[in-house]
Structures are given as C-alpha cells and as structure tokens.
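Chemist: one predicted model, sequence on top.
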Amino acid sequence: MSIDLNHTIVHARDKQAEAEFFGHILGLKVGAPWGPFVPVEADNGVTFDFMDSTEVQGQHYAFLVTDEEFDQIFARIKEAGITYWADPAHRKPGEINHHYGGRGVYFDSPNGHNLEAITSPYA
C-alpha cells in the first residue's frame, strides 16, 4: 500500500489573496474556487486548499524544487521585495543556505506561513 499526501487546508484571512501569493511565487496555477476552497496544485498532485479563517496560525510548508525553479522562485521573491532568510528561525536575513549540497531559502506569506524552497532534500 502506498500512502500519499493528497491535500492540506491552509487557513488565510483572504483565501484568494493567499492562494495568488503561493501561486505567483512558486509558479503554480491557482485553480477555480471549489466549495469554501481556492486550490493551488503542486506538480505532484498535492493541493493546497486555501480557506478563509478569522484565526490563522502560521504553518511551515517546504517545497523541493529544481535548480531552475529555485532561480525563478528566488527571483520572484527578490522582485516582490519579500524578506528572506537562510534559516527557519529567521536569524540570517538576506541569505540563502547551502545544506546538503543544494540551496534553500525561507520566506513568509502574507498570512505568516513560513515557506521554504530547497533544491536538495534534507537527510
């Protein structure tokens, strides 16, 4: 039996705006609203289903990307003037990391979700 993550619900104060942010920065398509959700689908079929909520507790989402995708994501982060860090605790601003022979960057979404793009999975 294979167990795969299919979807996760992401709480946001404005589901459409948060979905658009994820889609734009990560280069993913924002889907049509479905019930109370606005979906953004990753290339592996997992959907991030954004839902309006008055209480949003920031979560961490890490995305494994190719070097080319990292370059594109990082360019969009810098172009948008988004603060970024080399670490999840946000102690190294304006830097990226080079863990496990790859590159990684952390940045926050407008709703305080801690996002990470990495080119090499952690051991």
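Modeler: Done, it's in.

Chemist: alpha carbons only for contacts and neighbour counts from here, please
Modeler: OK.

Chemist: which stretches of this structure form helices?
Modeler: With helices called from DSSP state H, the chain shows them at 15-26, 67-79.

Chemist: out of these, which one sits most buried?
Modeler: helix 15-26 (a mean of 19; mean count of other Cα atoms under 10 Å).

Chemist: which secondary structure elements does that helix sit against?
Modeler: Where contact means 3 or more Cα pairs under 8 Å, 6 or more residues apart in numbering; DSSP states H and E, helix 15-26 is packed against strand 37-41, strand 47-52, helix 67-79.

Chemist: and the contacts of the shortest one?
Modeler: What that stands for is strand 37-41. 15-16, 19, 22-23, 28-33, 47-52 (Cα atoms under 8 Å, 6 or more residues apart in numbering).

Chemist: switch to 7 Å and redo it
Modeler: 15-16, 19, 23, 28-33, 47-51 (Cα atoms under 7 Å, 6 or more residues apart in numbering).

Chemist: buried subset of the residues you listed?
Modeler: Among the contacts of strand 37-41, those classed as buried by 16 or more other Cα atoms under 10 Å are 15-16, 19, 23, 28-31, 47-51.

Chemist: farthest-apart pair in these, please.
Modeler: Leu28 and Met51 (17.6 Å; Cα to Cα).

Chemist: pLDDT of stretch 85-96, averaged?
Modeler: Across stretch 85-96, pLDDT averages out at 97.

Chemist: chain center to that stretch, what's the gap?
Modeler: Relative to its chain's centre, stretch 85-96 lies at 16 Å (Cα atoms, centre = their mean, to the nearest Å).

Chemist: make residue 1 into 44 and carry on from there
Modeler: Understood, numbering begins at 44; the last thing we discussed is stretch 128-139.

Chemist: tell me which residues of that stretch are tucked away?
Modeler: The neighbour-count check on stretch 128-139 (16+ other Cα under 10 Å) flags Trp128, Ala129, Asp130, His133, Glu138, Ile139 as buried.

Chemist: returning to what we had before: can you say which of the helices and strands packed on helix 58-69 is nearest to Ile52?
Modeler: strand 90-95 (4.7 Å).
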